[in-house]
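Visitor: What shape does this take:
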Amino acid sequence: MSPVRRCSRTACGRPAVATLTYVYADSTAVLGPLATYAEPHCYDLCAEHSERLTAPRGWEVVRLSDGSGPSGDDLEALANAVREAARPQERAAGAGGSGPRTADPMEVARRGHLRVLRSPDN
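Guide: Predicted structure coming up:
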(Lines give C-alpha, C1' and ligand atoms only; values in the text may rest on other atoms or scores of the structure.)
Protein backbone atom coordinates (compact mmCIF):
# COMPACT_ATOMS: atom_id res chain seq x y z
CA MET A 1 0.00 0.00 0.00
CA SER A 2 1.36 3.42 -0.97
CA PRO A 3 1.89 6.01 1.81
CA VAL A 4 0.75 8.76 -0.59
CA ARG A 5 -3.01 9.25 -0.61
CA ARG A 6 -4.59 9.42 -4.06
CA CYS A 7 -7.41 11.54 -5.45
CA SER A 8 -10.86 10.12 -4.63
CA ARG A 9 -12.22 10.86 -8.11
CA THR A 10 -12.81 7.80 -10.28
CA ALA A 11 -9.89 6.89 -12.59
CA CYS A 12 -7.67 9.67 -11.19
CA GLY A 13 -4.39 8.41 -9.79
CA ARG A 14 -2.78 11.76 -8.98
CA PRO A 15 -1.65 12.50 -5.40
CA ALA A 16 -4.21 14.22 -3.18
CA VAL A 17 -3.51 17.78 -2.02
CA ALA A 18 -6.88 18.83 -0.53
CA THR A 19 -9.73 17.35 1.51
CA LEU A 20 -13.40 17.96 0.74
CA THR A 21 -16.10 17.71 3.42
CA TYR A 22 -19.83 18.33 3.02
CA VAL A 23 -22.00 19.97 5.69
CA TYR A 24 -25.40 18.86 4.43
CA ALA A 25 -27.38 20.76 7.09
CA ASP A 26 -25.90 24.06 5.85
CA SER A 27 -25.66 23.16 2.14
CA THR A 28 -21.93 23.88 2.32
CA ALA A 29 -18.90 22.16 0.83
CA VAL A 30 -15.63 22.82 2.71
CA LEU A 31 -12.39 22.38 0.75
CA GLY A 32 -9.19 22.68 2.74
CA PRO A 33 -5.63 21.42 2.91
CA LEU A 34 -5.12 17.66 2.92
CA ALA A 35 -6.30 16.22 6.24
CA THR A 36 -3.78 14.51 8.47
CA TYR A 37 -5.49 11.15 7.98
CA ALA A 38 -8.24 9.79 5.74
CA GLU A 39 -11.78 10.05 7.13
CA PRO A 40 -14.63 7.89 5.81
CA HIS A 41 -16.94 10.82 4.95
CA CYS A 42 -14.30 13.10 3.43
CA TYR A 43 -12.88 13.10 -0.09
CA ASP A 44 -9.23 13.66 -0.95
CA LEU A 45 -8.73 15.57 -4.21
CA CYS A 46 -5.74 16.26 -6.45
CA ALA A 47 -4.80 19.85 -7.40
CA GLU A 48 -6.72 19.77 -10.70
CA HIS A 49 -9.95 18.42 -9.22
CA SER A 50 -9.80 20.75 -6.20
CA GLU A 51 -9.42 23.80 -8.49
CA ARG A 52 -12.33 22.72 -10.72
CA LEU A 53 -14.65 21.87 -7.82
CA THR A 54 -18.18 23.21 -8.10
CA ALA A 55 -21.10 22.70 -5.74
CA PRO A 56 -24.73 21.98 -6.54
CA ARG A 57 -27.03 24.93 -7.16
CA GLY A 58 -27.89 26.65 -3.87
CA TRP A 59 -24.80 25.34 -2.10
CA GLU A 60 -21.85 27.41 -0.90
CA VAL A 61 -18.19 26.39 -1.28
CA VAL A 62 -15.83 27.42 1.51
CA ARG A 63 -12.20 27.22 0.39
CA LEU A 64 -9.64 27.27 3.16
CA SER A 65 -6.36 28.58 1.79
CA ASP A 66 -3.09 26.78 2.25
CA GLY A 67 -0.04 28.29 3.94
CA SER A 68 -0.74 31.40 6.00
CA GLY A 69 -4.44 30.52 6.31
CA PRO A 70 -6.07 28.72 9.20
CA SER A 71 -3.98 27.00 11.81
CA GLY A 72 -4.30 23.41 12.90
CA ASP A 73 -6.53 24.60 15.75
CA ASP A 74 -8.86 26.29 13.22
CA LEU A 75 -9.15 23.12 11.18
CA GLU A 76 -9.74 21.04 14.28
CA ALA A 77 -12.50 23.43 15.38
CA LEU A 78 -14.08 23.14 11.92
CA ALA A 79 -13.91 19.35 12.05
CA ASN A 80 -15.48 19.36 15.52
CA ALA A 81 -18.29 21.62 14.28
CA VAL A 82 -18.97 19.24 11.38
CA ARG A 83 -19.03 16.27 13.76
CA GLU A 84 -21.42 18.14 16.08
CA ALA A 85 -23.75 18.87 13.17
CA ALA A 86 -23.83 15.16 12.35
CA ARG A 87 -25.35 14.47 15.80
CA PRO A 88 -28.59 16.51 15.76
CA GLN A 89 -30.37 14.33 18.34
CA GLU A 90 -27.67 14.81 20.97
CA ARG A 91 -27.37 18.53 20.26
CA ALA A 92 -31.13 19.10 20.47
CA ALA A 93 -31.38 17.20 23.76
CA GLY A 94 -28.53 19.20 25.31
CA ALA A 95 -29.93 22.59 24.24
CA GLY A 96 -33.41 22.05 25.71
CA GLY A 97 -33.13 24.16 28.88
CA SER A 98 -30.62 26.78 27.79
CA GLY A 99 -31.51 30.45 27.72
CA PRO A 100 -30.68 32.99 24.99
CA ARG A 101 -27.11 32.96 23.73
CA THR A 102 -24.82 35.94 24.18
CA ALA A 103 -23.18 37.38 21.10
CA ASP A 104 -19.47 36.72 20.69
CA PRO A 105 -17.61 40.02 20.01
CA MET A 106 -15.12 38.11 17.81
CA GLU A 107 -17.91 36.70 15.60
CA VAL A 108 -18.20 38.45 12.21
CA ALA A 109 -20.72 36.22 10.44
CA ARG A 110 -22.59 32.97 10.93
CA ARG A 111 -24.07 30.28 8.67
CA GLY A 112 -25.75 27.53 10.60
CA HIS A 113 -23.24 26.17 13.10
CA LEU A 114 -20.21 27.61 11.24
CA ARG A 115 -18.88 30.97 12.42
CA VAL A 116 -16.48 33.48 10.87
CA LEU A 117 -14.33 35.06 13.58
CA ARG A 118 -12.41 38.33 13.56
CA SER A 119 -8.62 37.92 13.52
CA PRO A 120 -7.10 38.47 16.99
CA ASP A 121 -4.50 40.73 15.32
CA ASN A 122 -7.17 43.29 14.30
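
Visitor: partner residues bridging residue 63?
Guide: When bridges are taken as DSSP bridges, the partners of residue 63 come out as residue 31.

Visitor: Tell me how many other residues crowd it.
Guide: 14 (other C-beta atoms under 10 Å). C-beta: built from backbone N, CA, C; applies to glycine.

Visitor: Over to residue 115?
Guide: By the other C-beta under 10 Å criterion, the neighbourhood of residue 115 contains 15 residues.

Visitor: any idea how far it lies from residue 49?
Guide: Distance of residue 115 to residue 49, computed by C-beta to C-beta, to the nearest Å: 28 Å.

Visitor: center of this structure, which residue is that?
Guide: Nearest to the geometric centre of the chain sits residue 30, at 4.1 Å (C-alpha atoms, centre = their mean).

Visitor: for the longest helix along the chain, packing partners?
Guide: Counting residues, the longest helix found in the chain (DSSP state H) is helix 72-85. In terms of contacts (3 or more C-beta pairs under 8 Å, 6 or more residues apart in numbering; DSSP states H and E), helix 72-85 is packed against strand 18-23, strand 28-33.
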